[in-house]
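>>> Sequence first, predicted model second:
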Amino acid sequence: MTDFAAKTVVITGASSGIGEALAKAVDGRGVAGLGLLARRTDRLEELAGTLRAQAVVLTADVTDRDQVKAAAERFAARMGAPDVLFINAGVGQLLTGSRVDASLVRHVMEVNFLGAVHVLEAFLPAMVERGGHVVVTSSVASRRGLPGFAAYSASKAALDRYVEGLRVQLSGRGVRFTTIEPGFIKTPLTKKNRFWMPFLLEADDAAHRIVKAVERDRRRLTFPAPMAALVKVLGLLPDGIYDRVMRRTLPAKKRTLPAKKKRRW
Ligand SMILES: NC(=O)c1ccc[n+]([C@@H]2O[C@H](COP(=O)([O-])OP(=O)(O)OC[C@H]3O[C@@H](n4cnc5c(N)ncnc54)[C@H](OP(=O)(O)O)[C@@H]3O)[C@@H](O)[C@H]2O)c1
């Protein structure tokens, strides 16, 4: 069991939403030190000022390998290797219609997938030496391709598979992994969504569920329960039925009718 008391913790994407709520939740569990990583220094400094634990502000863009490496060195100089590393920074992009925008897909992959890889590259070696816990914020969107969020789904699926491989590869080396798959959480990321978000949770509620899953050393947490059940069912659906169900989630004008089946003889 991972106990947060007197531990050192690094959180990426700590300047808002789930990351900020995680910082407050682990601070309440009596951590000794926190590294808060994101691009907006002012938001991180403001958060650091509200915490009981010592906090070091790590301004970095996760898409920039050198910036992440420098942030890890700054953290190590102050607090050593983190006991718990939350890899949480991420972006979501909605793109419906027939347009494929490679720059948008690249950006989503660079933040959500390669950004996580940069963070692992910078922090993991020291954790392997002395043990620790890596917690990765994936999404229920990793399970199947979501219409409108195809790039987001792809980035989270890549992250999931990568971390799953590492988890097994490093078993017995003292580093535990927890993959978090939240449903809809009320944060700046979902504020812009103009569609119905079922089972929407507050960020503080999400953070407490995540912290409990880490304390219990769970390999995976998908929440809330009704969303976990829904994605399980969606995961089992044959492609044809999945397409029919998910097409209904698109606004009517974006739906295109399936081509009429042609007889082959
Ligand atoms: N909200 C949901 O419903 C939901 C559901 C499933 C999964 N998630 C995942 O949960 C994580 C947190 O999302 P959230 O909902 O809390 O959104 P959020 O409030 O928008 O927070 C995103 C965080 O990521 C940071 N970030 C974004 N791009 C970055 C970059 N290039 N370099 C460094 N930091 C960067 C942001 O900080 P700066 O802008 O200051 O850099 C911010 O702190 C994401 O991985 C998201 O995919 C969210």
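Here it is on my side, so go on.
>>> At the contact with the ligand, which residues of this protein appear?
If contact is defined as Cβ under 6 Å from any ligand atom, the residues of the chain in contact with the ligand are 13-19, 38-40, 43, 61-63, 88-92, 111, 115, 137, 139, 182, 184-185, 187-190. Heads up, the C-betas are built off the backbone N, CA and C, glycines and all.
>>> 5 Å - rerun?
Among all residues of the chain, those adjacent to the ligand (criterion: Cβ under 5 Å from any ligand atom) are 13, 15-19, 38-40, 61-63, 88-90, 111, 137, 139, 182, 184-185, 187-190.
>>> Mind checking which of those residues are in strands?
For the residues of the chain next to the ligand, the ones inside strands are 38, 137, 182, 185, with DSSP state E as the criterion.
>>> Among those residues, find the one with the greatest number of neighbours, please.
Of all those, residue 137 has the most neighbours under the rule other Cβ atoms under 10 Å, reaching 28 neighbours.
>>> Spatially nearest residue to that one (excluding sequence neighbours)?
In space, not counting the residues next to it along the chain, residue 137 is nearest to residue 88; the distance is 4.2 Å by Cβ to Cβ, 6 or more residues apart in numbering.
>>> so how far is residue 197 from that neighbour?
The gap separating residue 88 from residue 197 is 19 Å, by Cβ to Cβ, to the nearest Å.
>>> what about this protein, any weak spots by pLDDT?
Across the chain, residues meeting the criterion (pLDDT under 70) sit at 1, 252-265.
>>> same thing but 50
The chain contains residues with pLDDT under 50 at 262-265.
>>> check contacts around the closest residue to residue 173 other than its chain neighbours.
The shortest distance from residue 173 to any residue that is not its chain neighbour, by Cβ to Cβ, 6+ apart, is 5.5 Å, and that residue is residue 128. Counting by Cβ atoms under 8 Å, 6 or more residues apart in numbering, residue 128 touches 170, 173-175.
>>> What lies in contact with stretch 47-62?
The contact list for stretch 47-62, computed with Cβ under 8 Å, 6+ apart, reads 10, 12, 14-15, 20, 23-24, 27, 30-41, 44-45, 67-68, 70-71, 74-75, 78-79, 89, 111, 115-116, 118-119.
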